[in-house]
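Enquirer: how does the following fold in three dimensions:
(one chain, ligands or ions: 1)
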Amino acid sequence: MKVLVTGGAGYIGSTICSALEDAGHTPVILDSLVNGRIEFVKNKIFYKGDIADEKLLREIFNEHPEISHAIHCAALIVVSESVEKPYEYYRENVSKSNELFNNLKSCGCNNIVFSSSASIYDASPNFMVTEESPLKPSSPYAKTKYIMELVLQDYCSSFSNFRAIALRYFNPIGADPKMRSGVYVKDPSHVLGKLVDTAIGKNKEFHITGTDWPTRDGSGIRDYIHVWDLAQAHVKAIENFDSAFLTKPPKTKNYHVINLGTGKGVTVKELLKEFENVYGKEIPKKEAPSRPGDVAGAYANENTALDLISWKAELHINSGIEDSLKWNNIRENIINYNSK
Ligand SMILES: O=c1ccn([C@@H]2O[C@H](COP(=O)(O)OP(=O)(O)O[C@H]3O[C@H](CO)[C@H](O)[C@H](O)[C@H]3O)[C@@H](O)[C@H]2O)c(=O)[nH]1
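Expert: Model prediction:
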């Protein structure tokens, strides 16, 4: 199948493109390269441009009329930045996504897979969330994802052929196991990036940010999913797109929501222990206050993914840690940071 992937030069998008290719499909990438990396789109069908550029989208569909599905990953994704720059987040993630969906419809592409986020869930007493759990997006970033889920629901209700699957990502870790792509930000703020940077001596010590959450050890809980597993879920979502709507009629017309997690909650202290085991050494650490806007966290009930798209996460958290460390060792051979 030929699939349009917006944001296909990003960390998750590029891994999805590799997984699509490995499964015999052809990704057609649309990415502005504002954040994405040119190195990740080498030898792939690639269009540099804005997701809201109607002329460019028409050109893509004229040149690739066989495109049957679109995976929409392109977005601004940093929670703390979204608090400082709400205008930019609503413009990029909401206004432009709305244009994209409308233009996709005009181009005859009515099958959408949308990158949503687990950050839209409300706190749950036992930390496990199903797709029906209450939502409470708090940051502008989370709100943009929630708004686009609502927009998609309305498109699916109003336009008879239009169908969408929103995939709510939990916390991706690791890199492409074949080392074609991985996290490329130089100073990552996410927990595994901080652990790697401490292990290699770039940071003096690792801060456990938040130790009085109502979790089993007081540290924040998350569902860490290997980015390769996450990418496989997109392949399955495309391959099983029709059957997902046939096997189980959606609660909202032509619109499904699926959690993408492992079904296992891991606290920061547990992750730290796993990291030290894989790395083979203790790393310097200190307890610290929680970060502004931080939450206790959540993990996925992952049953819907198996029911609808026959997907289940397979890789252990240790593989995610190993691949993050491996990628960190080689990434400067792949990414030319001097070019941007
Ligand atoms: O140096 C650190 C960094 C994080 N943490 C803790 O590790 C857990 C996970 O933190 P992350 O920043 O890795 O993940 P979040 O779920 O908080 O946020 C992530 O997911 C969000 C969407 O859900 C956004 O995409 C955001 O940019 C991304 O970092 C939290 O309990 C956090 O307090 C530490 O203990 N020390």
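
Enquirer: now the nearest residue to G263 once chain neighbours are set aside. Its backbone dihedrals?
Expert: Of all residues not flanking G263 in the chain, E302 sits nearest, at 4.1 Å (Cβ to Cβ, 6 or more residues apart in numbering). Bear in mind the C-beta positions are built from the backbone N, C-alpha and C, glycine included. Note on E302: backbone dihedrals following degrees, to the nearest 10 are phi -100, psi 10.

Enquirer: tell me the pLDDT of E302.
Expert: Listed pLDDT for E302 reads 93.

Enquirer: pretty sure it is touching G265, no?
Expert: No - the pair E302 / G265 is not scored as a contact, 11.8 Å apart, by Cβ atoms under 8 Å.

Enquirer: which one's more surrounded, the two?
Expert: E302 (24 against 21; other Cβ atoms under 10 Å).

Enquirer: got a list of what that one touches?
Expert: 259-263, 312-313 (Cβ atoms under 8 Å, 6 or more residues apart in numbering).

Enquirer: what do you get if the cut-off is 6 Å, keeping everything else the same?
Expert: Residues near E302 by Cβ atoms under 6 Å, 6 or more residues apart in numbering: 259, 261, 263.

Enquirer: up against the ligand, what does the protein have?
Expert: Proximity of the chain to the ligand, by Cβ under 6 Å from any ligand atom, involves residues 77-79, 117-119, 171, 189-191, 194, 207-210, 220, 222, 268, 290-291, 294, 297.

Enquirer: and of the contacts of E302, the nearest to the ligand?
Expert: G261 (11.1 Å; Cβ to the nearest ligand atom).

Enquirer: can you tell me how far the residue nearest to G263 is from V129?
Expert: According to Cβ to Cβ, to the nearest Å, E302 stands 10 Å off from V129.

Enquirer: how about G49?
Expert: Applying Cβ to Cβ to G49 and V129 gives a distance of 36 Å.

Enquirer: compare these two (neighbour count), which wins?
Expert: Per other Cβ under 10 Å, whichever of G49 and V129 has more neighbours is V129, with 24 against 16.

Enquirer: show me what that one is bridged to.
Expert: A300 (DSSP bridges).

Enquirer: that older thread, show me the residues of the chain next to the ligand that map onto helices.
Expert: In this view, the residues of the chain next to the ligand that belong to helices under DSSP state H are 79, 191, 194, 268.

Enquirer: could you redo the contacts of E302 as a markdown table and give each row pLDDT?
Expert: Compiled in a markdown table, these are given as follows (pLDDT from 0 to 100):
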| residue | pLDDT |
| --- | --- |
| N259 | 98 |
| G261 | 98 |
| G263 | 98 |
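
Enquirer: which of those residues sits closest to S181?
Expert: Using Cβ to Cβ, G261 comes nearest to S181 of the contacts of E302, at 21.2 Å.

Enquirer: so who does the closest one touch?
Expert: Contacts for G261 (Cβ under 6 Å, 6+ apart) come out as 170, 223, 225, 299-300, 302.

Enquirer: of these, closest to I45?
Expert: Checking the contacts of G261 against I45 by Cβ to Cβ gives I225 as the nearest, at 27.3 Å.

Enquirer: and the helix or strand that contains that closest one, which strands flank it?
Expert: Following DSSP states H and E, one finds I225 within strand 224-226. Here strand 224-226 has these sheet partners by DSSP bridges: strand 171-173 (parallel).

Enquirer: am I right that Y87 is in a helix?
Expert: Yes - judged by DSSP: H, G, I helix; E, B strand; the rest coil, Y87 forms part of a helix.

Enquirer: burial count for it?
Expert: For Y87, the neighbour count with other Cβ under 10 Å is 8.

Enquirer: separate out the buried members of the contacts of G261.
Expert: Among the contacts of G261, those classed as buried by neighbour count (16 or more other Cβ atoms under 10 Å) are 170, 223, 225, 299-300, 302.

Enquirer: any idea which of the residues you listed is closest to A19?
Expert: Nearest to A19 among these is I225, at 13.6 Å by Cβ to Cβ.

Enquirer: strands along the stretch 51-200 of the chain, start to end?
Expert: Assigned by DSSP state E, counting those that start in this stretch, the strands in the stretch 51-200 of the chain fall at 67-72, 111-117, 128-129, 163-169, 171-173.

Enquirer: relative to A233, tell me which of these wins on proximity.
Expert: The nearest among the strands of the stretch 51-200 of the chain, by Cβ to Cβ, is strand 163-169 at 6.5 Å.

Enquirer: now that closest one: mean pLDDT?
Expert: Averaged over strand 163-169, pLDDT sits at 98.

Enquirer: ok, stretch 126-146 next?
Expert: On average, stretch 126-146 scores 96.
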